[in-house]
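S.K.: quick one: sequence and predicted model below, then my questions.
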Protein chains: 2
Amino acid sequence: MPETARQIADDLRARISSGEFRPGARLPGEPTLVQQYGVAKMTASNALKLLITEGLAYARPGSGTYVREFQPIHRVGNERLSSARWSSGESVWAAETAGRPVEVRDIEVSESRAPRWVARGLALSSDAPVIVRSRRYFVDGEPVQLATSYFPADLVRETCIAQPDSGPGGAYARLAEAGAAPVDFTEELRARMPSPEEAEQLALPSGTPVIEIYRTALTSDHRPVELNRMLLNAGAYVLRYNFGS
Amino acid sequence: MPETARQIADDLRARISSGEFRPGARLPGEPTLVQQYGVAKMTASNALKLLITEGLAYARPGSGTYVREFQPIHRVGNERLSSARWSSGESVWAAETAGRPVEVRDIEVSESRAPRWVARGLALSSDAPVIVRSRRYFVDGEPVQLATSYFPADLVRETCIAQPDSGPGGAYARLAEAGAAPVDFTEELRARMPSPEEAEQLALPSGTPVIEIYRTALTSDHRPVELNRMLLNAGAYVLRYNFGS
DNA sequence: AAGTGGTCTAGACCACATT
DNA sequence: ATGTGGTCTAGACCACTTT
C-alpha cells in the first residue's frame, strides 16, 4: 500500500477536526503509529511532519506532537466605522487580544541609501538618503511582527525619528510637527512561506506562513513620507480593513 | 555530518537568490545531489522538498525540480484614491495582471440554513434561511480563488441572486434593486496553509499558503446583506487597501 | 530505454524531555 | 533509564516524462 504517510495524516486530521484531539492535545507518537499502522518509523515521522507543515500541529522534541492553537491578534488597518456603526456585524473569528500588551524591542535606526524599491515607493531618486527604523513587536513575550520604516532623510534627519526613541506619539507625530502629517495610507500585502532567516527572527513554528505588508503614507498634498515594510507571523494575526463604496 | 538536507537546501537557496538559478530554471536533480554531496537519495529528496515547502521551487515528477515564478494578480480592496492622486507611489511589486481576464466557473446556488458563524456575520438568528452562492475564479486557466457568498434568503429569494446567472452587474446590482444596496464593506483576513481538500480545489503547489477573507457588506442603514468567504491562492495575489486617517 | 521525482522499509545514531 | 522526535543510510519499487 503506497501513500501510507498521507493516509495516516488524513486519518489524524479527521480525528482532529472531529474533536477527538482538541487544540493543545497530544497526538499519537511515532512508535504508536508504527505499531498501529504497521509502517516504518520514518513513514510515521513523515505523516506527523505533514500535519506540521500544514500548520495543524507542532512537535516538541523529546515530548510529543501536539495540536496547534489559534488565538489571533486582531489588527485593524483602519477604523472609519464607529463601533456603534459596526455593531451589527461580529467578527468571524473569536475576538481576542483584549488586554494583551504589545511590546516593542530591538529598535535600530540608521541612515543609508534607498534601494530601488524604496526609492520607488517614496518617489525619490535611487540612492537618495533615507532614515531606516527597524524594530520587532512582541505579544506575550513572543515575537509576532518585524517592521522596517523608511523616511526621506532630508525630511526627518533633524527630528527624533532619527533617534531610537522617536518621542511621544511616535514617528507620525514627529512628521506632523515637520509639516508632513501623513493622512492617506495604502497597504499592499501578500502571504508566503518565510525564509529560514525570517522564520528564526519570528520564532515561527514550521507550517506557518508570513504576511508581508508594505504601507505607504502620504501627506495631504500626496507626498509619500514613509514606507513601512512589515512581516507578520500569519498564525498570530487576523487583519481587518473596512471601506465604503 | 548531520543536518545535511538543510545544508543542501541552504546552498541551493543561496544559489537561487544569487541569480545562478533564475525563476523557471531547473535545479540539480536528486541523482546529481547524491553525487555532489555524497548523500543518500532520500536526503537529496528531502533537501529539494524543503525548498518546495518553502514555496521556492516546485517539482514536475518525471521531469525535474524548478524555481518558482511569482506573477501576482493585484486585487484592489477599495479604490478611494484616484489614479492621479496615487500617481506618486508605485506598487512595491511588479504590477501585472494587465489584460489577464478572470473567468468564473462552477457556479452553484442553493438555499440552506445559516451555520453559526454565518448567522453572526449577517446578524440573523441561527438556522435562518440563507441563499448560498459559490463559484471558482480562474486566471490563465488556473484556479486562483474560491468564493462563497451568503445572503439572507428572505431578501433575495425572488431575485436573480437565487439563480446561477445573477444578471448584469451581478449580485450587488440585484441587491440595489431590492433597496438593499451595499455601501460599507469590512474585510477580515488571515493567511494559513490549506487543507488537502482546499489545495486540490485551487490546484495549489505545495508550499503555497492561502488567504482566507471574510467580507461583510452593509447597507446605508448598517444592515448586513452579504457575507462573502473567499479563499485565495496566496501565490497568485497581492492585495491592496487604502484608507485615510 | 533512460532519467526523474515519490515513497517505503529496516536499521541506526543523536539530543532532548520526562519519569 | 526510557521514550520522544529528528535525521541519516542503502536499497527497493513505482509512475511518470523525456528522448
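M.R.: Yes, it's here. Numbers count the residues shown, from 1 in each chain, chains lettered A, B, ... in the order given.

S.K.: tell me the buried residues in stretch A:219-237?
M.R.: A:219, A:222-237 (16 or more other C-beta atoms under 10 Å in any protein chain shown). C-betas here are computed from N, CA, C, even on glycine.

S.K.: inside strands: which ones of the residues you listed?
M.R.: With DSSP state E as the criterion, strands contain A:219, A:224-233, A:237 from among the buried residues of stretch A:219-237.

S.K.: same for chain B: which of those are within range?
M.R.: A:224, A:237 (C-beta under 8 Å from any C-beta of the partner chain).

S.K.: which bits of chain A sit near DNA strand D?
M.R.: A:2, A:27, A:29-32, A:41-42, A:45, A:48-49, A:59-65 (C-beta under 7 Å from any atom of the strand).

S.K.: among the residues you listed, which are in reach of DNA strand C?
M.R.: Answer for those near DNA strand C (C-beta under 7 Å from any atom of the strand): A:2, A:41-42, A:60-63.

S.K.: so which of those residues is the most crowded?
M.R.: Tallying neighbours with other C-beta atoms under 10 Å in any protein chain shown puts A:Met42 at the head of these, with 13 neighbours.

S.K.: so who does that residue touch?
M.R.: Contact analysis of A:Met42 by C-beta atoms under 8 Å, 6 or more residues apart in numbering or on different chains lists nothing.

S.K.: need the three-state assignment for it.
M.R.: The three-state label for A:Met42, taken from DSSP: H, G, I helix; E, B strand; the rest coil, comes out as helix.

S.K.: closest to A:His74 among the ones in strands among the buried residues of stretch A:219-237?
M.R.: A:Tyr237 (7.9 Å; C-beta to C-beta).

S.K.: the closest one touches A:Ile73, doesn't it?
M.R.: Yes: the criterion here is C-beta atoms under 8 Å, and A:Tyr237 meets it with A:Ile73 at 5.3 Å.

S.K.: which neighbours do those two share?
M.R.: Between them, A:Tyr237 and A:Ile73 share the contacting residues A:Val144, judged by C-beta under 8 Å, 6+ apart.

S.K.: ranges for the helices of chain A?
M.R.: A:4-17, A:30-37, A:41-53, A:116-122, A:153-156, A:170-177, A:196-201 (DSSP state H).

S.K.: go through the first one and flag the buried ones.
M.R.: Within helix A:4-17, the residues scored as buried using 16+ other C-beta under 10 Å are A:4-5, A:8-9, A:12-13, A:16.

S.K.: now for that helix, which elements pack on it?
M.R.: helix A:30-37, helix A:41-53 (3 or more C-beta pairs under 8 Å, 6 or more residues apart in numbering or on different chains; DSSP states H and E).

S.K.: out of these, which one sits most buried?
M.R.: Mean neighbour count (mean count of other C-beta atoms under 10 Å in any protein chain shown) peaks for helix A:41-53 among the helices and strands packed on helix A:4-17, with a mean of 19.

S.K.: now the angle between helix B:41-53 and it, please.
M.R.: 10 degrees (axes from the mean of the first three to the mean of the last three C-alpha atoms, to 10 degrees).

S.K.: so helix A:41-53 versus helix A:4-17, what angle?
M.R.: 50 degrees.

S.K.: please state the offset of helix A:41-53 from the chain centre?
M.R.: 26 Å (C-alpha atoms, centre = their mean, to the nearest Å).

S.K.: can you list the residues of chain A near DNA strand C?
M.R.: A:2-6, A:38-43, A:46, A:60-63.

S.K.: so what pLDDT did A:Glu158 get?
M.R.: Note for A:Glu158: predicted pLDDT of 89.

S.K.: ok, it to A:Ala114 distance?
M.R.: 19 Å (C-beta to C-beta, to the nearest Å).

S.K.: shaky segments in chain A?
M.R.: A:1-3, A:79-99, A:245 (pLDDT under 70).

S.K.: which residues touch the most centrally placed residue in it?
M.R.: Nearest to the centroid of the C-alpha atoms of chain A, with distances taken as C-alpha atoms, centre = their mean, sits A:Leu232, at 1.2 Å. Contact analysis of A:Leu232 by C-beta under 8 Å, 6+ apart lists A:75, A:144-145, A:210-213.

S.K.: repeat the analysis, applying 10 Å as the threshold.
M.R.: A:Leu232 makes contact with A:73, A:75, A:137, A:144-147, A:189, A:191, A:202, A:209-213, A:239, B:190-191, according to C-beta atoms under 10 Å, 6 or more residues apart in numbering or on different chains.
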